[in-house]
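Novice: This is a predicted model, with the sequence first.
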Amino acid sequence: ARTYWGRGIATEAGRAFIDFGFGELQLARIVATVQVGNDASIHLMKKLGFTLVRREEGELRTYDHFEIRNPAGQVRL
């Protein structure tokens with residue numbers, strides 16, 4: 001809801017998901033997809049440390065695919 005924009009809630013939640021994914025689940029990487037034009041979400045991905053890996057152009061929409069890799073390198077196989 002617009003009332004909650006700009007309060008850092010999405011950033012806080014994103015960091016919690018990343019910490020859980022890398023810390024508890026020991027994931028090698030986390031991926032996210034954002035529709036091109038959703039500038040707030042793209043900004044959030046970059047703020048959280050995600051990097052753009054590719055763009056997918058569809059008939060109706062275009063998406064950017066982001067990823068962040070586990071900096072510890074310790075992953076569960």
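Specialist: On my side now, so go ahead. Numbers count the residues shown, from 1 in each chain.

Novice: ok, R15 - contacts?
Specialist: Counting by CB atoms under 8 Å, 6 or more residues apart in numbering, R15 makes contact with L48. No exception for glycine: its C-beta is placed from N, CA and C like everyone else's.

Novice: Secondary structure element holding it?
Specialist: helix 9-19 (DSSP states H and E).

Novice: So which residues of the protein form strands?
Specialist: For the chain, strands defined by DSSP state E occupy the ranges 29-35, 51-57, 62-69.

Novice: Of all these, which one is nearest L44?
Specialist: strand 29-35 (8.5 Å; CB to CB).

Novice: The spatially closest residue to T62 that is not a sequence neighbour - how many residues pack around it?
Specialist: Among residues not flanking T62 along the chain, V36 sits closest, at 4.3 Å (CB to CB, 6 or more residues apart in numbering). V36 has 13 neighbours, counted by other CB atoms under 10 Å.

Novice: Let me see the backbone angles for V36.
Specialist: Dihedral angles of V36 (phi, psi; degrees, to the nearest 10) stand at phi -60, psi 140.

Novice: ok, now G58?
Specialist: Main-chain dihedrals, G58, degrees, to the nearest 10: phi -110, psi 180.

Novice: residues in contact with it?
Specialist: No residues are in contact with G58 under the rule CB under 8 Å, 6+ apart.

Novice: re earlier: is it true that the residue nearest to T62 touches L52?
Specialist: No. V36 is beyond contact range of L52, at 10.7 Å (criterion: CB atoms under 8 Å).

Novice: where do the contact lists of these two overlap?
Specialist: Common neighbours of V36 and L52 (CB under 8 Å, 6+ apart) are D64.

Novice: how deep is H65 tucked in, by neighbour count?
Specialist: 15.

Novice: which residues does it contact?
Specialist: 31-33, 52-56.

Novice: run the last query once more with 10 Å
Specialist: 31-34, 45, 50, 52-56 (CB atoms under 10 Å, 6 or more residues apart in numbering).
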